[in-house]
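1. Any chance you can model this:
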Amino acid sequence: MAQKVVTLFIDDLTGKESDEAQTHTIALDGVRYDIDLTPESYDKLYDALAPFLHAGRKVGRQKVTQLTRKAPSGGPSAETVRAWARDQGLEVSDRGRVPTTVREAYERAH
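-> Here you go, the predicted model:
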């Protein structure tokens, strides 16, 4: 069976399909918004924001990075807890987050 995937580009403001629609990112009060707009709708957005953009302070561009969580400081490493859990006959995965129940059992034992 053949399958055909079709991607439609829709202007989020007008709801109309357009090959010219592009994704734009807006940030306000620490919240990022992505909106797909045609050049005409983008001009409307820019015109509406222009007085605020000109009065504001430009802080530069920020790289979009994937945030990574740090391991809890002061506690045992995931590898230590996994090794202990295996010695106790508990099943734990080799990767990913160590279940809270396993960490709690480790803390009770130590």
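2. any chance you could map the strands in this structure?
-> Secondary structure of the chain by DSSP state E: the strands cover 22-28, 31-37.
3. Pick the most deeply packed of those.
-> Most buried of the strands of the chain by mean neighbour count (mean count of other CB atoms under 10 Å) is strand 31-37; its value is a mean of 13. Using the backbone N, CA and C atoms, a C-beta is placed for each residue, glycine as well.
4. what comes into contact with that strand?
-> For strand 31-37, contacts defined as CB atoms under 8 Å, 6 or more residues apart in numbering pick out 9-13, 21-27, 45.
5. Nearest to Arg103 among those residues?
-> Closest approach to Arg103 among those (CB to CB): Ala27, at 35.5 Å.
6. Name the nearest residue to the closest one, ignoring sequence neighbours.
-> Tyr33 (7.3 Å; CB to CB, 6 or more residues apart in numbering).
7. partners of that neighbour in the sheet?
-> Under DSSP bridges, the beta-bridge partners of Tyr33 are Ile26.
8. low pLDDT regions in the chain?
-> Along the chain, segments meeting pLDDT under 70 span 62-74.
9. Now with 80, please.
-> 60-75, 95-97 (pLDDT under 80).
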